[in-house]
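> pasting a predicted model and its sequence here:
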Amino acid sequence: MVEQEQTSLELLAYAKVNLTLDVGRLRSDGYHEINSVMQTINLADTLILSAAPEGITVSCTPSGAAPDGPANLAYRALESLADRIAPAGVDLHIIKRIPTAAGLGGGSSDAATALKAANALFKLNLTEVELISLAARLGSDVAFFIRGGTALAQGRGETVTVLPTLRPQWLVLVKPEFQVATAEIYSRYQPGQNRTWTTWFMAAVSRSDRDGMLANMGNDLEPVAAAAHPQVSVLIKRLEGLGAERALMSGSGPTVFGVFPGEEEARAAARQLDGGGEQVFVCRMIRPGEHSTG
């Protein structure tokens, strides 16, 4: 059995937003090529990982917020380490705060954080490069969450390049009552003469041009999701009307977010949005290694 001093470990699994998302051709493996600048934010699930006599168990609260057991991507993450941990087992409990099927990467973040937690608890001594390699086999966004912060995701999302840390911005996230399936949104996407958001955004970053960054935040999947769910466009317009300097959809949606000049403006806007059926979160961008509960 692998020796360890601790018997349990608690870590936060942070959500992300896509500051840009350029969608390209359909690959032979069924995924689309993407170029996306991803950014972790301080909306987070809590993962409690404990050593067990044998096997793998994964549970979530609130009940139904995410799948328990093998249907949870975090289970698959721990399963990929089972041979290294054996004959010990592991129990994972996830306290969910990140909405599911929302374009915020909650399931992927949980999986990446489970890998990091098991690596630390069982003293497996896997490097960040090794963890990223394991994460890339689990899903498109999982590799990004091994490090977090600001990064460029390419390929189907598994190729991650660290970018200079951006100055933290305050965001208001709005998650509509409905969910969308990532595969469905991508299946409706038709490549066209889309703007190369990522190229222009990164050029603005290199110049420390905040206005240029705001102007070049964009998501090729936003029109697709909005065509199926007009509320996406309605919420974007509401955020802009409440003072967002830029508002767009994250990932395949349906969560939309607005960038605000500061915390006071973000919280004032959130108060105006509360009371409907949507979930509203005030968040800020966080750096790699930063520990924040919001």
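All right, it came through fine.

> against residue 221, how distant is residue 281?
Per Cβ to Cβ, to the nearest Å, residue 281 is found 21 Å from residue 221. C-beta: built from backbone N, CA, C; applies to glycine.

> ignore what I typed, I meant residue 133.
Residue 133 is 27 Å from residue 221, by Cβ to Cβ.

> mind listing residues that contact the lowest-mean-pLDDT helix or strand in the chain?
Scoring the helices and strands of the chain by mean pLDDT, DSSP states H and E places helix 182-188 at the bottom, with a mean of 88. By Cβ atoms under 8 Å, 6 or more residues apart in numbering, the surrounding residues in contact with helix 182-188 are 23, 32, 101, 221, 224-225, 227-228, 251-253.

> what do you get if the cut-off is 6 Å, keeping everything else the same?
Residues from elsewhere that reach helix 182-188, judged by Cβ atoms under 6 Å, 6 or more residues apart in numbering: 32, 221, 224-225, 252.

> check stretch 251-264 too.
Contacts of stretch 251-264 (Cβ under 6 Å, 6+ apart): 17-18, 102-104, 169-176, 180, 182, 185, 221, 225, 229, 232, 235-236, 239, 244-247, 249-250, 266.

> just give me the neighbour total for the closest residue to residue 181 other than its chain neighbours.
The spatially closest residue to residue 181, leaving aside those adjacent along the chain, is residue 101, at 6.8 Å (Cβ to Cβ, 6 or more residues apart in numbering). Neighbour count for residue 101, taken as other Cβ atoms under 10 Å: 18.

> is residue 101 in a helix, a strand, or coil?
For residue 101, the assignment made with DSSP: H, G, I helix; E, B strand; the rest coil gives coil.

> hmm, it is touching residue 178, no?
No - contact criterion Cβ atoms under 6 Å: residue 101 and residue 178 do not qualify, at 9.1 Å.

> overlap in contacts of those two?
Between them, residue 101 and residue 178 share no contacting residue under Cβ under 6 Å, 6+ apart.

> can you pull out the strands in the stretch 151-294 of the chain?
159-162, 170-175, 218-219, 246-249, 256-260, 279-284 (DSSP state E, counting those that start in this stretch).

> quick one: mean pLDDT for the helix of greatest length in the chain?
Identified as the longest helix of the chain according to DSSP state H is helix 106-121. The pLDDT scores in helix 106-121 average 97.

> tell me which residues are up against that helix.
By Cβ under 6 Å, 6+ apart, the list of residues contacting helix 106-121 reads 4, 6, 9, 11, 13-15, 45, 47, 49, 73-74, 77-78, 81, 92, 94, 98, 100, 126, 131, 135, 138-139, 141-142, 145-146.

> buried subset of the residues you listed?
When the contacts of helix 106-121 are checked for burial by 16 or more other Cβ atoms under 10 Å, the buried set is 9, 11, 13-15, 45, 47, 49, 73-74, 77-78, 81, 92, 94, 98, 126, 131, 135, 138-139, 141-142, 145-146.

> so where's the stretch 51-200 of the chain uncertain?
193-194 (pLDDT under 70).

> cutoff 80 now
Scanning the stretch 51-200 of the chain for pLDDT under 80 picks out 191-195.
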